[in-house]
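Student: Whatever this is, show me its structure:
(2 chains)
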Number of protein chains: 2
Amino acid sequence: MKRREFIKKAGAGALAASAAMGAVPAMAAKPVMWKMVTTWPPHFPMLGEGADYMAKLVDEMSGGKFKISVYGGGELIPPMGVFDAVSQGTVEIGHGAAYYWSGKAPAAQFFAAVPFGFNAQSQNAWITSGGGLALWEEIYKPFNLKPYLGGNTGVQMGGWFNKEINSVADLKGLKMRIPGLGGQVLAKAGGNAILVAGGEIYTNLERGVIDATEWVGPYHDLKLGLHKVAKYYYYPGWHEPGSSLEFMVNIGAYEKLSPEFKAILDTAIGKVNGWMLCEFEAKNNDALNELVTKHKVELKKFPDDVLKTLKSYADQVLDELAAADPMSKKVYDSFKSFRSKIYEWNKVTEEVYQQFKYI
Amino acid sequence: MKRREFIKKAGAGALAASAAMGAVPAMAAKPVMWKMVTTWPPHFPMLGEGADYMAKLVDEMSGGKFKISVYGGGELIPPMGVFDAVSQGTVEIGHGAAYYWSGKAPAAQFFAAVPFGFNAQSQNAWITSGGGLALWEEIYKPFNLKPYLGGNTGVQMGGWFNKEINSVADLKGLKMRIPGLGGQVLAKAGGNAILVAGGEIYTNLERGVIDATEWVGPYHDLKLGLHKVAKYYYYPGWHEPGSSLEFMVNIGAYEKLSPEFKAILDTAIGKVNGWMLCEFEAKNNDALNELVTKHKVELKKFPDDVLKTLKSYADQVLDELAAADPMSKKVYDSFKSFRSKIYEWNKVTEEVYQQFKYI
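Tutor: Numbers count the residues shown, from 1 in each chain, chains lettered A, B, ... in the order given. This is a model prediction of the structure:
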């Protein structure tokens, strides 16, 4: 600022000058204080970090007048208590993934991961610009919750196995840590889908309590050391081709916010949704490279006929879900309608792009 | 709010109550006023709308204390004058695409579109989390500019042609509207890359002034009516597989912002970057469907050997760019390093995902 301009501004009074620069008078500073509970361990790489980053953006944009304290799973509320805690208004906001709440809202699963469903780009497009969000809001409204896309893992890996999967028969009796709809698909193939918390996967796999496990992707799998207790790293992650994370906000708490703070919250979440996928894509590259070159992990692709059979089971699982729950049917119809179009679009764009690396 | 709570808050003084809800006292409201110039026609679908949306978010988040007036190309500054206007501080912010400024900063082209380069997901990951942004900032700093990712078109189409492209020989002498590095690649194949403004493409193609054109994608191409004056719609858009748009901010103007307004600007742009790709993906689907089913447009894929030859020319163009300009070499090295890793990662994720539609 030039000196003359400064004097002019100063002449209008210190308060006005300060306001013109966007600063907020200290006397007005009684902050809105929110608590965020998450399904992740505290500051969990990328996922918990995304929650931390969102809170930091809200703090910065509001000049410290809107503060969100982030709690890891179990610090304030057990990981699987997040939905109820936000729904009941015990806390104002949560970060997790919608498939954790299938017992309360089966249709919510479409907004996390669908076996043979969307990748990150299509998932974001369907929810943001293809009608998905309105349906998700409809599902969560009876619980007094407002949902938001809160990050995406990208296409996941298929998991860690100690024996080769050469046919669907090799899945029979397999004890695999795999949650949600993917687990139901495995069950149709005769496998046993077992729920194991992240912290216990390594030991369970080492001791043979489970035969196989999926986790997140190379970056997280490397950190957990899964390459030390499993022989083969299978792809693709048919069960989670583009898992969305979610922020959920208590509607009563949201409605009490000023229009400015509503916009600040919405926008911070929007930025973090894109940021997290960038982090996953960049860090998974490096980790995959390290797993293969340094730790000599053997990558294996599920045979085509195994994928084909799993896909048919996935269709059955989704049809059964839609038959049992009218809201799931409504969401599945929207999902299928968007998929039929985006598949045609991808045929002339993303699919051909993926061939560039071989030219 | 319950009555008792209201009285309690009111007792603490109207100012504090208002501040607690995030409202800003009216007396402090002397807004920061910025002007944004863009390379697009006013409110141009998706691209200009993205600029409008960004300004709206800033306005909402700041409670009207930070206002950005958006001007279409030519309203205040000619479209190709955006870079200079923001660089010189005539206006504070611009929205465009970095390849428009190849004459001033050749290396900037990597941050818009590279023939056979990245798709949207990889481009976002490289720039946001793979070291790209620091290089882009290094390129723009001498111009007093701070760059941001400002949307992405997704994989584009290859363009509209009135004759079939069965071999590279069919590109010889072809007069095609195609800008930037893609145009240089076409020139190596013996074609004539011609610059035609958006508003003149239709007439030029109709009158045979040009033989072929690329534009943006199905949604924009349909609006322009290109299916009425061209016979074949080719894919893929090898020349622009994931074009990034950009916001550029005058560094001096940015430094004068309060920390809150800096964060508000950064975050609004971050949200719009992801939003625009969702819009492109959702609307291009519908438009492609309409072009094919209603207007009977014939989709054609460039033959593999044509793509192979164009790819070799693209490598030459990029090598020449790197040889002529040290900054371009530095950026190209980073680009190639990231590409080598993301290609391996995509082989086990996105590439296999694209096959799901055939299972």
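
Student: per-domain residue ranges of chain A.
Tutor: Using automatic domain parsing, the domain ranges for chain A come out as A:32-152+A:242-281, A:159-240+A:284-326.

Student: Now the longest one: average pLDDT?
Tutor: Think domain A:32-152+A:242-281. Averaged across domain A:32-152+A:242-281, the pLDDT comes to 97.

Student: quick one: residue A:231 from residue A:170, how far?
Tutor: According to Cβ to Cβ, to the nearest Å, residue A:231 and residue A:170 sit 14 Å apart. Placement of C-beta: from N, CA and C, glycine included.

Student: Need the overlap of contacts for those two.
Tutor: residue A:163 (Cβ atoms under 8 Å, 6 or more residues apart in numbering or on different chains).

Student: So which of the two has more stuff around it?
Tutor: residue A:170 (17 against 13; other Cβ atoms under 10 Å in any protein chain shown).

Student: and the more buried one, that one's in a helix?
Tutor: Yes - under DSSP: H, G, I helix; E, B strand; the rest coil, residue A:170 sits within a helix.

Student: close enough to count as contact, it and residue A:186?
Tutor: No - counting by Cβ atoms under 8 Å, residue A:170 stays clear of residue A:186, with 11.9 Å between them.

Student: Neighbours of residue A:199, how many?
Tutor: Counted with other Cβ under 10 Å, the neighbours of residue A:199 add up to 9.

Student: Can you name the residues that contact the residue lying closest to it once chain neighbours are set aside?
Tutor: If the residues on either side of it in the chain are set aside, residue A:199 comes closest to residue A:41, at 7.7 Å by Cβ to Cβ, 6 or more residues apart in numbering or on different chains. By Cβ under 8 Å, 6+ apart, the contact set of residue A:41 is A:48, A:72-74, A:198-199.

Student: Nearest to residue A:318, out of those: which one, please.
Tutor: Closest approach to residue A:318 among these (Cβ to Cβ): residue A:198, at 26.3 Å.

Student: Does the closest one touch residue A:214 like I think?
Tutor: No - applying Cβ under 8 Å, one finds residue A:198 not in contact with residue A:214, separated by 11.3 Å.

Student: ok, these two, which is more surrounded?
Tutor: More crowded of residue A:198 and residue A:214, by other Cβ under 10 Å: residue A:214, with 25 against 16.

Student: Would you mind measuring from that one to chain B?
Tutor: Residue A:214 sits 14 Å away from chain B, going by Cβ to the nearest Cβ, to the nearest Å.

Student: So that residue sits against residue A:182, correct?
Tutor: Yes - contact status for residue A:214 versus residue A:182: in contact at 7.5 Å, counting by Cβ under 8 Å.

Student: Identify the contacts common to the two.
Tutor: Jointly contacting residue A:214 and residue A:182 under the rule Cβ under 8 Å, 6+ apart are A:239-240.

Student: which of the domains of chain A is buried the deepest?
Tutor: domain A:32-152+A:242-281 (a mean of 22; mean count of other Cβ atoms under 10 Å in any protein chain shown).

Student: Okay, now that one: how far is its last residue from its first?
Tutor: 35 Å (Cα to Cα, to the nearest Å).

Student: now do stretch A:95-109
Tutor: By Cα to Cα, one end of stretch A:95-109 lies 15 Å from the other end.

Student: what do you get for stretch A:70-90?
Tutor: Across stretch A:70-90, first to last residue, Cα to Cα, it's 14 Å.

Student: Likewise for stretch A:231-240?
Tutor: One end of stretch A:231-240 sits 21 Å from the other (Cα to Cα).

Student: tell me the pLDDT at the closest residue in space to residue A:349 that isn't next to it in sequence?
Tutor: Leaving aside its sequence neighbours, residue A:349 sits nearest to residue B:155 (Cβ to Cβ, 6+ apart; 3.6 Å). The model reports residue B:155 with a pLDDT of 98.

Student: Tell me, how many residues neighbour residue B:155?
Tutor: Residue B:155, neighbours per other Cβ under 10 Å, totals 28.

Student: looking at it, it is touching residue B:239, isn't it?
Tutor: No - Residue B:155 is not in contact with residue B:239 according to Cβ under 8 Å; the separation is 10.7 Å.

Student: So residue A:292, which state does it fall into?
Tutor: Classified using three-state DSSP, residue A:292 is helix.

Student: any idea how far residue A:222 is from it?
Tutor: Distance of residue A:292 to residue A:222, given as Cβ to Cβ: 11 Å.

Student: Could you pull out the strands in the stretch 1-150 of chain A for me?
Tutor: Under the criterion DSSP state E, counting those that start in this stretch, the stretch 1-150 of chain A contains strands at A:32-38, A:66-71, A:93-96, A:145-152.

Student: Let's have those strands in JSON lines, adding distance to chain B.
Tutor: As requested, these are arranged in JSON lines below (distance: least, Cβ to the nearest Cβ, whole Å):
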{"stretch": "strand A:32-38", "distance to chain B": "6"}
{"stretch": "strand A:66-71", "distance to chain B": "6"}
{"stretch": "strand A:93-96", "distance to chain B": "15"}
{"stretch": "strand A:145-152", "distance to chain B": "9"}
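
Student: Make a markdown table out of those and add distance to residue A:254.
Tutor: Shown next, in a markdown table, are the strands of the stretch 1-150 of chain A (distance: least, Cβ to Cβ, whole Å):
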| stretch | distance to residue A:254 |
| --- | --- |
| strand A:32-38 | 10 |
| strand A:66-71 | 12 |
| strand A:93-96 | 9 |
| strand A:145-152 | 6 |
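
Student: Out of those strands, the one nearest residue A:105 is which?
Tutor: Short answer: strand A:145-152, nearest of the strands of the stretch 1-150 of chain A by Cβ to Cβ, at 9.2 Å.

Student: Paired strands for that closest one, with orientation please.
Tutor: Partners of strand A:145-152 in the sheet, by DSSP bridges, are strand A:244-250 (antiparallel).

Student: Report the next helix or strand after the partner strand in sequence order.
Tutor: Where DSSP states H and E defines the elements, the next helix or strand beyond strand A:244-250 is helix A:251-256.

Student: Give me the contact list for that next one.
Tutor: With Cβ under 8 Å, 6+ apart as the contact definition, helix A:251-256 has outside contacts at A:34, A:89, A:92-93, A:141, A:144-146, A:262, A:265, B:1, B:21.

Student: Grab the CA positions of it and hand them over as PDB.
Tutor: The C-alpha atoms that make up helix A:251-256 are tabulated as PDB, following Å, rounded to 0.1, in the frame of the first residue of the first chain:
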ATOM      1  CA  ILE A 251     -28.700 -30.300  10.700                       C
ATOM      2  CA  GLY A 252     -29.700 -28.400  13.800                       C
ATOM      3  CA  ALA A 253     -26.100 -27.300  14.400                       C
ATOM      4  CA  TYR A 254     -25.800 -26.400  10.700                       C
ATOM      5  CA  GLU A 255     -28.900 -24.300  10.700                       C
ATOM      6  CA  LYS A 256     -27.600 -22.300  13.700                       C
END
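
Student: Which residues of the stretch 51-200 of chain A lie near chain B?
Tutor: For the stretch 51-200 of chain A, the contact set with chain B under Cβ under 8 Å from any Cβ of the partner chain comprises A:57, A:60-63, A:65-66, A:116, A:119-122, A:124-126, A:128-130, A:154-157.

Student: 6 Å instead, please
Tutor: A:57, A:60-61, A:63, A:116, A:119, A:124-125, A:128-130, A:155 (Cβ under 6 Å from any Cβ of the partner chain).
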